[in-house]
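Trainee: Fold the stuff below for me.
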Amino acid sequence: MEKQEGKQELRINRRNFLKAGAASAISMGVLGMTNALPVQAAETVSNSGGQSKLHPTNYGMASVKMADFNDQWLGTTKIVGPIKRFHEANQGFNLVFRHKVSEAAFKANLYYHAASKYPLGDALAKFTLSLAPMVSGKPAPEKLAIPDPEQMSQHIKDCAYFLRADEVGIGKMPSFAYYEFKAPPLEDMMKDDLSKSVPVTENLPYVIVVMVDQHLETLMASTGYDGISGSQSFRSYHATAVISVILANYIRNLGYNARAHHFSNYALILAPCMVSAGMGEMTRTGDCMAHPTLGFRTKAAAVTTDLPLAPDRPIDFGAQDFCRVCKKCADNCPSGAITQDEDYIEKNGILRWQTDIKKCVEFRVTNKEGSMCGLCMKVCPWNSKEDSWFHQAGTFIGSKGETASNLLKQVDDMFGYGTEQVEKFKWWLEWPERY
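Mentor: Numbering: from 1, shown residues only. Below is the predicted model of the structure:
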């Protein structure tokens, strides 16, 4: 953090800038760009799934286009070969339990699993884990007729927003996104014994994805290392878990199959489901999906179902071009887990940037300065800004290709986005004696 603190004197105070208004904007050459902005860039975008009455699709001023999901493309991510389904035992924290990372990580994860060493994080985590059994069940014996899948899609989205989701989408379920196996019990994983792994046999056509914001003001007040980092994750994990469990149960009450997938009981990988459901694009940070207005300052859960629905389409708002030139997450990653590569590499049939998951998870569970780490989320220009005309101008610029993205990154650095702590937003207490 000392390196970042040393840069503060070079920065412009953005809040004074915003208060100064048009005169300052003109002197910075910014107002001309904002005058050129469309009233609502997303008005020309029409996802096929039913739109919500409670929360119409809002991409801010980002320039958003529709993308495809087929045998060659998952949104803006290129598919170049067969994709093998994933064993849950190879998930990052499970690799720690299987002694595949380091002994220090194993001991740390065993004694205070990630967020649990911070008292609030522990309370949130235990509640979320209690929802593990509440994901599936038998549907009602009689199916209610669904004559209009688009109307039902709108209704499901409205239900999710009514249950306090911040964003929701519906996608065609990517068959390769299902796990090949669910992980065995913890005591077997600690022996690296996968013989009791359970195969995932579900094959439902649609996936409903719900997202909840991790809370902007808390992110702005946080260092990215402190105790609240893990609690921010679990704030959204528990909320999306509750929403997914209720939605799945509701759909079963209508007579259709539905399974919730949340933090304590997934049977799928969320990233491709989020892309399919029009919730964002893959980013430099591996499996983190960026949304046009929320960035990846979110956590998500899903419901797979055979309820007749009209799926949304993947979107393209320029995140791939932006991530290619920005690299702020890689520059600031304390573990060195995020790649600096400009070009993608192929892994398991997909061209994408690859994060070193072992480096990432080892740092998160052994971090002695806080609970986990949220620094990549904090510094990302798509995550770290309040809603203002200046930010809207930035999202418009950042979705216009590599040259424009480089300009936005320079402005972002000049204003210190992601590297400051806004003390007026700090509300939590630290308990470093627990670390």
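Trainee: Quick one: the helices in the stretch 1-150 of the chain, in order.
Mentor: Here the stretch 1-150 of the chain has its helices, by DSSP state H, counting those that start in this stretch, at 2-5, 14-20, 22-28, 31-35, 92-97, 103-111, 119-129, 149-162.
Trainee: Quick check: which helices or strands does the longest helix along the chain pack against?
Mentor: Scanning the chain for the helix with the most residues, using DSSP state H, yields helix 228-253. For helix 228-253, the packing partners by 3 or more C-beta pairs under 8 Å, 6 or more residues apart in numbering; DSSP states H and E come out as helix 119-129, helix 149-162, strand 206-213, helix 216-221, strand 258-261, strand 298-305. For every residue, glycine as well, the C-beta is placed using N, CA and C.
Trainee: and the next element down the chain from the last one?
Mentor: Secondary structure here is assigned by DSSP states H and E; on that basis, the next helix or strand after strand 298-305 toward the C-terminus is strand 315-316.
Trainee: packing partners for that following strand?
Mentor: Looks like strand 315-316 contacts strand 65-66 (3+ C-beta pairs under 8 Å, 6+ apart).
Trainee: where's the strand it packs on relative to the chain centroid, distance-wise?
Mentor: Mean-position distance between strand 65-66 and its chain equals 20 Å (C-alpha atoms, centre = their mean, to the nearest Å).
Trainee: cool, stretch 117-135 as well?
Mentor: In terms of C-alpha atoms, centre = their mean, the centre of stretch 117-135 is set 19 Å apart from its chain centre.
Trainee: Identify each buried residue in it, please.
Mentor: 117-118, 120-122, 124-125, 128-129, 131, 134-135 (16 or more other C-beta atoms under 10 Å).
Trainee: any idea which of the residues you listed is closest to residue 67?
Mentor: residue 135 (29.7 Å; C-beta to C-beta).
Trainee: I'd say residue 132 and residue 261 touch.
Mentor: No: counting by C-beta atoms under 8 Å, residue 132 stays clear of residue 261, with 11.2 Å between them.
Trainee: Low-confidence stretches in the stretch 301-435 of the chain?
Mentor: 384-385, 390, 435 (pLDDT under 70).
Trainee: Helices of that one, start to end?
Mentor: Per DSSP H, counting those that start in this stretch, the stretch 301-435 of the chain carries helices over the ranges 319-326, 328-332, 357-366, 375-379, 389-398, 402-414.
Trainee: which of those helices sits most buried?
Mentor: helix 375-379 (a mean of 25; mean count of other C-beta atoms under 10 Å).
Trainee: Just the C-alphas of that helix, formatted as PDB.
Mentor: This file holds the C-alpha atoms of helix 375-379, laid out as PDB (Å, rounded to 0.1, in the frame of the first residue of the first chain):
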ATOM      1  CA  LEU A 375      -8.000  -5.600  -4.300                       C
ATOM      2  CA  CYS A 376      -8.700  -6.600  -8.000                       C
ATOM      3  CA  MET A 377     -12.300  -5.600  -7.500                       C
ATOM      4  CA  LYS A 378     -11.400  -2.400  -5.800                       C
ATOM      5  CA  VAL A 379      -9.000  -1.100  -8.500                       C
END
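Trainee: Just list the residues touching residue 379, thanks.
Mentor: Residues near residue 379 by C-beta atoms under 8 Å, 6 or more residues apart in numbering: 224, 328-329, 331-332, 417-419.
Trainee: same check, this time on residue 336
Mentor: So residue 336 contacts 356, 359 (C-beta under 8 Å, 6+ apart).
Trainee: ditto for residue 273
Mentor: 171, 173-174, 177, 207, 209, 302.
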